[in-house]
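Engineer: Starting from these lines, generate the structure:
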Amino acid sequence: MNLHRRTFLKQLGFGTAGLGLLSTFPGCFTPQQAVGGHLPRSTPEAQGVTSEGILRFLEAAGKSRHEFHSFMMVRHGCVVAEGWWTPYRPQAKHMLYSLSKSFTSTAVGFAVAEGRLTVEDPVTSFFPGDLPEKTEGHLAELRVKHLLTMSVGQSRDSMPIIGKEQNWVRSFLALPVDNPPGSVFLYNSGATYMLSAIVQKVSGQKVIDYLRPRLFDPLQIRGMTWETCPLGINTGGWGLSVQTETLAKFGRFYLQNGAWNGRQILPQAWVHEATSFKIQQSAPKGGDLEKLKQTSDWHQGYCYQFWRCRHNAFRGDGAFGQYMIAMPDHDAVIAITCETSDMQGELNLVWDHLLPAIKETPLTADPSVHAELEAKLVSLALPLPAPSPAPATAAGISGRTFQIEPTAAGLRTAAFQFHREYCDIVLTDDKNRYAVRCGLGKWVDGECSLPGTPPKITVGDLRPCKIAAAGRWKDESTFEMIWRYYETPHHDTVTCHFEGNAVTMEFHNSIPGHAETRPVLRGNVFHSRS
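Structural biologist: Residues are numbered from 1 along each chain as shown. Take a look at the predicted model:
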């Protein structure tokens, strides 16, 4: 099943049918010039999208169990709606988790275009110094294309194993390849890491540096960061952080068939190859694959580090709801950052509300509904801890320092200073001081370097991390804080319970299904204000 080449030609404006369709839309045509580094903006109706449909999507998102952080919708190259749920913000980058894979795939595409490698190259040929003693059998059959399509042949995701080692390449190549490469789909983040290692091997640059002049600079993308392994190779399968608009641009770049501002950057043939069906995911034991194809966006086929979707769309996605959804049939891109335990449910909101809002021709302006949509977009916010007056006990706690009982966390002291509009919390260990300012009834921005922050499910240290913190008194002896790491999907709930001269501090991460591993801190006053 190939992504229709004719559809892409339409988007590029070739052929009378494509020209006729695009000529009916004012303001934004394909390919579209970015303005000042940003995609151009337009009203939804001018680009054939109903404000009503977008509004219903936002209302449904607000009532759902998904915690949305940002949303951007692009039609015919124009942003028609965008919003961030405070304290998330447009200028902040956001951790992508596995959506990083689609960028790694793009780096491979550039390397193929430049003749540095082919998808048929044996993986073992790039790392002669890291091979096991015996390389015959399935390992010898492993090709770059099998890494791209998650069909390595290993029986489980390699990352939990290789991530414990210093040399991830050597560890990956030492793992058994139980099935013929290309025969079985198995999601394997180690495969994407190997693609990153291969690009670095053939180019002499980390993937992020290799992509800078080829992708990031032409699309005027700035501020991106990418985590590395212990040997300085970008993690590939995760670890990239970018702004939401970068995702929108990335999707637009693929809809424009690898062209940007009138220049072909990535070959059209690679875009077709990278986003077309390559391998079918199997149904879980006892499941009906044909039925799953009707309802599941995880059973539409896998490409080169992109997923096929229902409605002839394709996507890059990352854990807990990070999405770039490209809809070639509708010339539309949806970018979303989120924290959810139900990524299919999040996608269903797109199909249920945004897809029906897309029409074939421009629409009559609807000023009242559009004004309602605009008001909704600017008012998006995650709930603040409900404000509450400080109890009388707060004054007695303020200024005190508590000595923490020994734990694996290594923290030694905790101090609290309560003010009218904020509270300062300072934790120390043998070497460092970790301070967080927490707003009372409002978010206060800061930076956090405390070990264990931000919570995440992948290897790699993101400290120092950006934080927005707010808190409230739950009762006269319990102060509860929300620490939102707004460059990630996650937050901590930090609960401090005071009783006499003692304090107990508990950390609870927001990661769905991820048990808290940080110990409870217990301490007693050893110094008070004079």
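
Engineer: isn't there a helix covering residue 483?
Structural biologist: No: Residue 483 sits outside any helix when classified using DSSP: H, G, I helix; E, B strand; the rest coil, being strand.

Engineer: Could you look up the SS state of the residue lying closest to it once chain neighbours are set aside?
Structural biologist: Spatial nearest neighbour of residue 483, chain neighbours left out: residue 492 (4.4 Å); criterion: C-beta to C-beta, 6 or more residues apart in numbering. Where you see a C-beta, it was placed from the backbone N, CA and C, and this is true even at glycine. Of the three states, residue 492 takes strand under three-state DSSP.

Engineer: what's the pLDDT at residue 390?
Structural biologist: pLDDT for residue 390: 92.

Engineer: Using the three-state scheme, assign it.
Structural biologist: Residue 390 ends up coil, using three-state DSSP.

Engineer: Quick check on it: phi, psi?
Structural biologist: Main-chain dihedrals, residue 390, degrees, to the nearest 10: phi -70, psi 130.

Engineer: Could you pull up the contacting residues of it?
Structural biologist: 418, 440, 473 (C-beta atoms under 8 Å, 6 or more residues apart in numbering).

Engineer: among those residues, who's most crowded?
Structural biologist: Neighbour counts for the contacts of residue 390 (other C-beta atoms under 10 Å) peak at residue 440, which has 22 neighbours.

Engineer: Count the residues that sit near residue 208.
Structural biologist: With other C-beta under 10 Å as criterion, residue 208 counts 20.

Engineer: ok, residue 194 touching residue 124?
Structural biologist: No: between residue 194 and residue 124 there is no contact under C-beta atoms under 8 Å: 10.8 Å.

Engineer: Is residue 380 in contact with residue 86, as I believe?
Structural biologist: Yes: using C-beta under 8 Å, residue 380 makes contact with residue 86 at a distance of 6.9 Å.

Engineer: quick one on the thing from earlier: for residue 194 and residue 124, work out which one has more neighbours and name it.
Structural biologist: residue 194 (29 against 17).

Engineer: element containing the more buried one, please.
Structural biologist: Element membership of residue 194, judged by DSSP states H and E, is helix 189-203.

Engineer: Give the next helix or strand downstream of that helix.
Structural biologist: helix 207-211.

Engineer: The helix or strand that that next one is followed by: partners in the sheet, and parallel or antiparallel?
Structural biologist: Next helix or strand after helix 207-211 toward the C-terminus (DSSP H and E): strand 225-226. Strand 225-226 pairs in its sheet with strand 240-242 (antiparallel), by DSSP bridges.

Engineer: on that earlier part again, which residues does the helix holding residue 194 contact?
Structural biologist: The contact list for helix 189-203, computed with C-beta under 8 Å, 6+ apart, reads 98, 100-101, 104-105, 107-108, 111, 116-117, 123, 126-127, 144, 146-148, 150, 152, 154, 157-159, 161-162, 168-169, 172, 205-207, 210, 229, 233-238, 305.

Engineer: Sitting in strands, which of those do you find?
Structural biologist: Using DSSP state E, no member of these sits in strands.

Engineer: out of the residues you listed, which are buried?
Structural biologist: Burial by neighbour count, 16 or more other C-beta atoms under 10 Å: within the contacts of helix 189-203 this picks out 98, 100-101, 104-105, 107-108, 111, 116-117, 123, 126-127, 144, 146-148, 150, 152, 154, 157-159, 161-162, 168-169, 172, 206-207, 210, 229, 233-238, 305.

Engineer: Residue ranges of each domain in the chain, please.
Structural biologist: 1-89+243-262+307-382, 93-240, 393-527 (automatic domain parsing).

Engineer: so what's residue 285 up against?
Structural biologist: Taking C-beta under 8 Å, 6+ apart, one finds nothing in contact with residue 285.

Engineer: Tell me how far it lies from residue 394.
Structural biologist: 56 Å (C-beta to C-beta, to the nearest Å).

Engineer: One more: residue 80?
Structural biologist: On the measure of C-beta to C-beta, residue 80 and residue 394 end up 48 Å apart.

Engineer: The two: who's more crowded?
Structural biologist: Shown here are residue 80 and residue 394; by other C-beta under 10 Å, residue 80 has more neighbours (25 against 17).

Engineer: and the more buried one, what is it in contact with?
Structural biologist: Neighbour list for residue 80: 41-44, 46-47, 49, 54, 73-74 [criterion: C-beta under 8 Å, 6+ apart].

Engineer: Find the nearest non-adjacent residue to it, please.
Structural biologist: Setting aside the residues directly before and after it, residue 80 is nearest to residue 44 in space (C-beta to C-beta, 6+ apart), at 4.2 Å.

Engineer: Count the neighbours of the one you found for me.
Structural biologist: 28.

Engineer: who's in contact with it?
Structural biologist: 50-51, 54, 73, 75, 80-81, 357, 363, 370, 373.

Engineer: can you pull the contacts of residue 322?
Structural biologist: 94-99, 336-338, 489.

Engineer: so how far is residue 392 from it?
Structural biologist: 45 Å.

Engineer: Check residue 93 too.
Structural biologist: Distance from residue 93 to residue 392, by C-beta to C-beta: 43 Å.

Engineer: ok, the two, which is more surrounded?
Structural biologist: Neighbours of residue 93 and residue 392, each counted by other C-beta under 10 Å, are more numerous for residue 93; the result is 20 against 8.
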